[in-house]
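Q: Predicted model and sequence below, questions to follow.
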Amino acid sequence: MTFTPEQARRDIPILNRVLPNGRKLVYLDNAATTQKPHQVISAISNYYETTNSNVHRAVHTLASEATDAYEGARSKIAEWFGIGDGYLIFTAGTTEAINLAAYAWGRHNLVAGDVVVLTEMEHHSDIVPWQMLAQEREIEIRWVPLQVETSSLDMEVFAASMEGAKLVGCIHTSNVLGVRNPVEEVIRLAHSAGARVILDAAQAAPHDRLNIAESGADMVAVSAHKMCGPTGIGALMVNAETFAEMQPFIGGGDMIREVFLDYSTYQEGVHRFEAGTPKIAEAIGWGAAIDWLAQWDIAEIHSHTLGLARHTAAGLREIEGMRVFGDHGDGDGAVVSFIHDKLHSEDMAHMLDAHGIAVRTGHHCAQPLLRKLGLTSTNRVSFYLYNTMAEADFFLATVRDLVARFT
């Protein structure tokens, strides 16, 4: 099916909402979370209305149906991401997925003196877990700097940082700059040094049909809610070799084989990392989101959203006093971070909200990156498949008017 944003909009109820101030919603905060089509909402409701039961535990009809739907969603999502003979572990999202990697892999494979290489572009979710581990185990963290002039990583420093590295953590696509990092080169250099690689692909998954097996990444973290799925679920996808090096860190039901008073044994597969009642409705909803997105070519979606970002960035740069970040190259994400030299970002966000326009403001959970830019906050607009050029133009016209009136 040929993609158009109007097709997508018809399926998303919230985009018809009129806000309390009488303004129609213009939702431009998709890098934070995306809106949900009725197919996802219905899949979740249908589970609770017709199938609600726990999984992997009983043999009655509802339990069998729930288990089939839950594991069917896992298979569908794994196929979408091309994980091959790897493993898809459900988590609460990208943050929990990276924490899972730090606990289940890091604490069993990293010792004092080992090196973890991170970048200045990282989201806090790919910084704090490794800092906590470093404090606990006396692990060294090395930082690959951002080159501000080009909005890119210093790959010479990256290559020089590989000696002694055991793990590289890299954000696939920046949630602040929209920059797609050279993850292929990151993986090649890391593996040549004998290091594992974990990618934060939260911003990449909505715009790029990732093939994780082909990429060679050892671990990849994603969130469903960034790609029109429900909140509260994501995944850590792990290749077979790395999976064999992981140990469970949350104990309880469903991750065990047998429990005795003096010891326990554990499941061999993904269930050893999914203790307790899992995210059943959320997994089913994520599967429905995959079905919905699969109507269209993801490349067409990316071309549309990147076109909106480029148009918006160019329009903002024409406004006096405006600073716009990122180059919006062919593989980049559809985010535009900006700040005006006379209007505080929070004031700008409140004024845009008064016109019905939802944008993000703040440090975007990337304080080291913003400090490198000499900032404490920016505004950020971010586009997804249901946004239109008319919305981008309305946003630009509103910003122009605000700057003219209040500066």
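A: That came in fine, so what should we check first?

Q: Need the three-state assignment for the residue nearest to residue 360 when sequence neighbours are not counted.
A: Excluding its sequence neighbours, the residue lying closest to residue 360 (Cβ to Cβ, 6 or more residues apart in numbering) is residue 380, at 4.4 Å. Where you see a C-beta, it was placed from the backbone N, CA and C, and this is true even at glycine. Classification of residue 380 using DSSP: H, G, I helix; E, B strand; the rest coil returns strand.

Q: so residue 380 makes contact with residue 364?
A: Yes - using Cβ atoms under 8 Å, residue 380 is in contact with residue 364, at 6.3 Å.

Q: Next, count neighbours for the closest residue in space to residue 31 that isn't next to it in sequence.
A: Here the nearest residue to residue 31 in space, its sequence neighbours aside, is residue 382; by Cβ to Cβ, 6+ apart that works out to 3.6 Å. By other Cβ atoms under 10 Å, the residues close to residue 382 number 28.

Q: Can you name the residues that contact residue 382?
A: 28, 29, 30, 31, 32, 309, 333, 334, 335, 336, 360 (Cβ atoms under 8 Å, 6 or more residues apart in numbering).

Q: If any of the residues you listed are buried, put those into a PyMOL selection.
A: The PyMOL command for the buried members of those (criterion: 16 or more other Cβ atoms under 10 Å) is given here:
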select buried, resi 28+29+30+31+309+333+334+335+336+360
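
Q: Would you quantify the distance from the nearest residue to residue 26 once chain neighbours are set aside to residue 342?
A: The spatially closest residue to residue 26, leaving aside those adjacent along the chain, is residue 357, at 4.6 Å (Cβ to Cβ, 6+ apart). Taking Cβ to Cβ, to the nearest Å as the measure, residue 357 falls 19 Å from residue 342.

Q: So if I had to pick from these two, which one is more boxed in?
A: Set residue 357 next to residue 342 and count neighbours by other Cβ under 10 Å: residue 357 wins out with 22 against 11.

Q: ok, the more buried one touching residue 28?
A: Yes - here residue 357 lies in contact with residue 28, judged by Cβ under 8 Å, at a distance of 6.2 Å.

Q: any shared contact partners between the two?
A: By Cβ under 8 Å, 6+ apart, the residues touching both residue 357 and residue 28 are residue 395.

Q: Check the burial of residue 112 by counting its neighbours.
A: Neighbours of residue 112 (other Cβ under 10 Å): 10.

Q: dump the residue contacts of it.
A: By Cβ under 8 Å, 6+ apart, residue 112 lies in contact with 137, 138, 139.

Q: Surely the first one and residue 108 touch.
A: No - with contact taken as Cβ under 8 Å, residue 137 and residue 108 are classed as non-touching, separated by 10.9 Å.

Q: which SSE is the residue most central in space within the chain in?
A: The centre of the chain sits closest to residue 202, judged by Cα atoms, centre = their mean, with a distance of 1.3 Å. Under the assignment given by DSSP states H and E, residue 202 is not contained in any helix or strand.

Q: Could I get the contacting residues of it?
A: Here residue 202 is in contact with 93, 94, 123, 175, 221, 222, 223, 226, 234 (Cβ under 8 Å, 6+ apart).
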